[in-house]
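J.: model the following, please.
(chains A and B)
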There are 2 protein chains.
Amino acid sequence: MQKYSRNSRISAITKILIENPNKIMSLNYFSEMLNAAKSTISEDILVIREILEAMEMGKVETIAGATGGVRYLARMSKEEEEAFQESICETLRDKSRIVPGNFLYITDIMLDPAIVHKAGIILASKFAKVKADYVITVETKGIPLAYEVARYLGVPLIVARKNSKVTEGTSVTINYVSGTTGRLGNMGLAKRTLKSSSKCLFIDDFLRAGGTVHGISDLLNEFDSELVGIGVLVDNKEVVKKMPTGYVSLVDYRGVDEEGNISVEASKRP
Amino acid sequence: MQKYSRNSRISAITKILIENPNKIMSLNYFSEMLNAAKSTISEDILVIREILEAMEMGKVETIAGATGGVRYLARMSKEEEEAFQESICETLRDKSRIVPGNFLYITDIMLDPAIVHKAGIILASKFAKVKADYVITVETKGIPLAYEVARYLGVPLIVARKNSKVTEGTSVTINYVSGTTGRLGNMGLAKRTLKSSSKCLFIDDFLRAGGTVHGISDLLNEFDSELVGIGVLVDNKEVVKKMPTGYVSLVDYRGVDEEGNISVEASKRP
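T.: This next block holds a predicted model:
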């Protein structure tokens, strides 16, 4: 069987770690795939860990024991994070983003992989410690961001639906007051979606008064499960909030003045 | 400024290429970041290209000229692709997946990053040549997969909405017949979503008679844009199809027999 150079092994291991964030990969796996001793693989991983830490591009953790191995955690440097937040603000300051009803159009941002991908890394890194079992969101705009956070945390995504669907079997539905429209809405989850006693992290595009968050929290209670964190791209600071738990946002929005200027700035770090 | 070893540079360059699929990255960018000559960076990239090709883990292309550089294209080996298709089939054969109305429950699969991520690589690689400007899907279940395909193709995602939203401004709405319910539905896109004369790739979870596909095609026509490909996870072979263009699926579904056995197998390669 073929042998590979250290250079080649390092490239292959880097790729596999990055494509499996927050997942423990055994040294045996790399050892067999690359036809190299485990001690050799350990040395390769040390090189990867050192350069990723030096460039603040991520962490590689070693987990000891029989089920041990290595695990990649996506991280971003403080400077890159701040530059990214500022670039979102710049994009949001475009006056043509105000649509009738004085809403801020952010759909394009929530669907742009280049943006969602980075926002996902940042939010996942802020919530690494809550050890969520699932990431949850409510359809529709927040789904790609919630998906990225789930991918980086290595957990499944759950999507609460605003209309229960024929193809999902029995579901649990609750009522909530939408902050956008002020109207009573309902959202539901298929019964089979979620194990009881789960810890869930809520991710969404836009945070207003928190009606949706309370809806999600109520819905999770029906599954004997718990909301353990809230992460959003944009926090609407014009609205007084009542939140069941702490939250993290990337950008603060403070409305539009009479000349149509959009007030938006990077959220302060928690 | 610090110098790095070849090993370290290779790890950093691999990571950046993998996180920017289908995007041309200039040698200058790496040269400045890693404080190394462009000729040195070229040699690093050659190592990465060779190992990724040898292990069938992806392609690294060199683009000549002033706007040139290198570009990473996600790929999977035929063996890995087939093993992945078979693993989805295994998961789908679980009898408890049949929900009332004889529908196959696939929501958990469409929301599992470990599955969606690989399905995204496969579908993106099949459609690399159509040079789509956007990936389009219709809410809700197909969004994570469509997002991954968009990410791997390096293009934005568009999501057609089943109910037009107050926060998106003027939108274009069309009627279509849903294959699932047989009922007339409507779906729309905000006017600002899409530039005219765009080529769009449609990605979804489940393909039945093609009512949704024709709806998407009609909707794109309203934007003087074109459907250039269709990719789905599951193809329902029980239904006769009329498709406006060719499609790719990963898994063929042929219904449920009287004992509740689910007939599902890997789709043949196109």
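
J.: can you pull out the low-pLDDT segments for the stretch 101-250 of chain A?
T.: In the predicted model, the stretch 101-250 of chain A carries pLDDT under 70 at residues A:164-166, A:179-180.

J.: what parts of it come near chain B?
T.: A:101, A:103-105, A:107-108, A:111-113, A:116-117, A:139-140, A:143-144, A:147, A:150-151, A:154-159, A:161, A:166-169, A:180-181, A:190, A:192-193 (Cβ under 8 Å from any Cβ of the partner chain). Quick note: C-beta positions are derived from backbone N, CA and C, even for glycine.

J.: what do you get if the cut-off is 6 Å, keeping everything else the same?
T.: When proximity is defined as Cβ under 6 Å from any Cβ of the partner chain, the stretch 101-250 of chain A approaches chain B at A:101, A:103, A:107, A:111-113, A:139-140, A:143-144, A:147, A:150-151, A:156-157, A:166-169.

J.: quick one, which of those are buried?
T.: Listed as buried from these are A:103, A:107, A:111-113, A:139-140, A:143-144, A:147, A:150-151, A:156-157, A:167-169; burial here means 16 or more other Cβ atoms under 10 Å in any protein chain shown.

J.: what about the residue lying closest to A:Val138 once chain neighbours are set aside, neighbour count?
T.: Among residues not flanking A:Val138 along the chain, A:Ala160 sits closest, at 4.4 Å (Cβ to Cβ, 6 or more residues apart in numbering or on different chains). When neighbours are defined as other Cβ atoms under 10 Å in any protein chain shown, A:Ala160 has 25 of them.

J.: roughly how far does A:Gly210 sit from A:Val239?
T.: For A:Gly210, the distance to A:Val239 equals 8 Å [Cβ to Cβ, to the nearest Å].

J.: which one of these two has more residues nearby?
T.: Neighbour tally, A:Gly210 and A:Val239, criterion other Cβ under 10 Å: the higher count belongs to A:Gly210, 20 against 13.

J.: verify the contact between the more buried one and A:Met243 for me.
T.: Yes. Under the criterion of Cβ atoms under 6 Å, A:Gly210 makes contact with A:Met243 at 5.3 Å.

J.: can you tell me the centre-most residue of chain A?
T.: In chain A, the C-alpha nearest the mean C-alpha coordinate belongs to A:Val149, at 2.2 Å (Cα atoms, centre = their mean).

J.: name the helix or strand for that residue, please.
T.: helix A:143-153 (DSSP states H and E).

J.: going toward the C-terminus from the helix or strand where A:Asn186 lies, what's the next helix or strand?
T.: With elements taken from DSSP H and E, the one containing A:Asn186 is strand A:184-190. Downstream of strand A:184-190, the first helix or strand assigned by DSSP H and E is strand A:199-207.

J.: can I get the CA coordinates of that following strand in PDB?
T.: Taking Å, rounded to 0.1, in the frame of the first residue of the first chain, the C-alpha atoms of strand A:199-207 are listed here in PDB:
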ATOM      1  CA  LYS A 199     -30.900  21.100  25.200                       C
ATOM      2  CA  CYS A 200     -31.600  23.300  22.200                       C
ATOM      3  CA  LEU A 201     -29.900  26.400  20.800                       C
ATOM      4  CA  PHE A 202     -32.200  28.800  18.900                       C
ATOM      5  CA  ILE A 203     -30.800  30.600  15.900                       C
ATOM      6  CA  ASP A 204     -32.700  33.100  13.800                       C
ATOM      7  CA  ASP A 205     -32.200  36.000  11.400                       C
ATOM      8  CA  PHE A 206     -33.700  38.900  13.300                       C
ATOM      9  CA  LEU A 207     -34.600  39.400  17.000                       C
END
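
J.: that strand: how far from the chain's middle?
T.: Taking Cα atoms, centre = their mean, to the nearest Å, one finds strand A:199-207 lying 8 Å from the centre of the chain it belongs to.

J.: need the contact partners of that strand.
T.: For strand A:199-207, contacts defined as Cβ atoms under 6 Å, 6 or more residues apart in numbering or on different chains pick out A:110, A:127, A:132-137, A:141-142, A:145-146, A:149, A:216, A:220, A:225-235.
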